[in-house]
Structure formats: C-alpha cells, structure tokens
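Trainee: need a structure here:
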Amino acid sequence: MKKNIIVILIISVIIIMIEAKFIAKEQKEIVVNMQEIATELINAQIFEDDLSQIDRENIIKKYNFNNEKIKDIVSFVGTGATSEEILIIELLDSKDINETKEIIQSKIEERKIDFQNYLPNEVYKLENYNLESKGKYIVLCISNNYDKASEIINKYI
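Mentor: Numbers count the residues shown, from 1 in each chain. Coordinates of the predicted model:
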C-alpha cells in the first residue's frame, strides 16, 4: 500500500514538472528585430514602389492606434501611387493583439474603397495582404508577392 502511494506521488510530481516546463515554454517571449524584417522585405523585390520610412506619430494617426498600447513601430509606405506598405508593431501587452489587428483590417477595408476609384489595380494587393502575429508582435505587408512576404515573415515570427 505504501509503495503504491509513493509511486503515485512520484508520478504526480513528474507530471507537474512536465506541465510546468510546457507552461514556461509557452510564456517565453519572442524578441523580433523589427528593422531587420522590414529590411529583408524591402530587399526581396516584392514591391513596385519605393517605400519610405514613416515616423511613429504619423503611423499612429493614420491607423488611429492607442499610443499607450504600443511599445515600438516600424513602418514603410509607398508614394501613394500604390497600396504597398510594411507595418511592424510591438505591443506592450499581447492581450491587445486582436484589437490592434482589427484596427489594421478596418483601415485596409477603407483603403480598398479609396483605391477602387483611384487605382483599381491596387485593390488586389489590399485583398491579398500578409497580417501575422506572434507574442506581442504584428506584421503587416502589402506587396505584389504574398507568398514571398509570408516566407520572410515566418522566418522571424
């Protein structure tokens, strides 16, 4: 009887240790070099436009983000002749991922309407964009090549 209780206790301790290891692994935060992702995307020749870096304040205004939820932003946009864009965000809290992605998706829907009348060929890019997230990071890439952009983004997140 004593041996059974000891065996059950040992098995219980092992199970708890294994679960704790998995929980710790899940809670481990990823760290992403946001500028490196942007540079690799730009150098991948998936844009027809020349992208220029946009400062934090302007991109927050453009999307109407809550500045207090954002730790860092890297953003590049085209000249306006295309819908092309790179937006990489590090949030302060991963709980804000879904809300922030919804803001981005809403802005993309607005841009589709604008481009339908202005440059209808650009709507395709706005319908086939990359929007990925992991941990506290969100990466948006609007380009000519969804697959190549996805391959690059997935290397990092």
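Trainee: contacts and neighbour counts: CA atoms only from here.
Mentor: Noted.
Trainee: ok, then the element right after the helix or strand of the chain with the lowest mean pLDDT?
Mentor: For the chain, counting by mean pLDDT, DSSP states H and E, helix 2-27 ranks last in confidence among helices and strands (a mean of 62). Downstream of helix 2-27, the next assigned helix or strand under DSSP states H and E is helix 34-43.
Trainee: Quick check: buried residues in that next one?
Mentor: Neighbour-count burial for helix 34-43, counted by 16 or more other CA atoms under 10 Å, picks out 34, 37, 38, 41, 42.
Trainee: and it, what does it pack onto?
Mentor: Under the contact criterion of 3 or more CA pairs under 8 Å, 6 or more residues apart in numbering; DSSP states H and E, helix 34-43 touches strand 70-77, strand 85-91, helix 146-156.
Trainee: Can you report the mean pLDDT over the residues of it?
Mentor: Mean pLDDT, taken over the full extent of helix 34-43, equals 96.
Trainee: Using PDB, list the CA coordinates for it.
Mentor: Only the C-alpha atoms of helix 34-43 are listed here, as PDB (Å, rounded to 0.1, in the frame of the first residue of the first chain):
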ATOM      1  CA  MET A  34      11.600  44.700 -36.400                       C
ATOM      2  CA  GLN A  35      14.000  46.700 -38.600                       C
ATOM      3  CA  GLU A  36      15.600  43.500 -39.900                       C
ATOM      4  CA  ILE A  37      12.300  42.100 -41.000                       C
ATOM      5  CA  ALA A  38      11.400  45.400 -42.800                       C
ATOM      6  CA  THR A  39      14.800  45.500 -44.500                       C
ATOM      7  CA  GLU A  40      14.600  41.900 -45.700                       C
ATOM      8  CA  LEU A  41      11.000  42.600 -47.000                       C
ATOM      9  CA  ILE A  42      12.200  45.700 -48.900                       C
ATOM     10  CA  ASN A  43      15.200  43.900 -50.400                       C
END
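Trainee: quick check: angle from that helix to helix 146-156?
Mentor: Angle between the axes of helix 34-43 and helix 146-156 is 160 degrees (criterion: axes from the mean of the first three to the mean of the last three CA atoms, to 10 degrees).
Trainee: Any idea how far helix 34-43 is from the middle of the chain?
Mentor: For helix 34-43, the gap between its own C-alpha mean and the chain's C-alpha mean amounts to 13 Å (CA atoms, centre = their mean, to the nearest Å).
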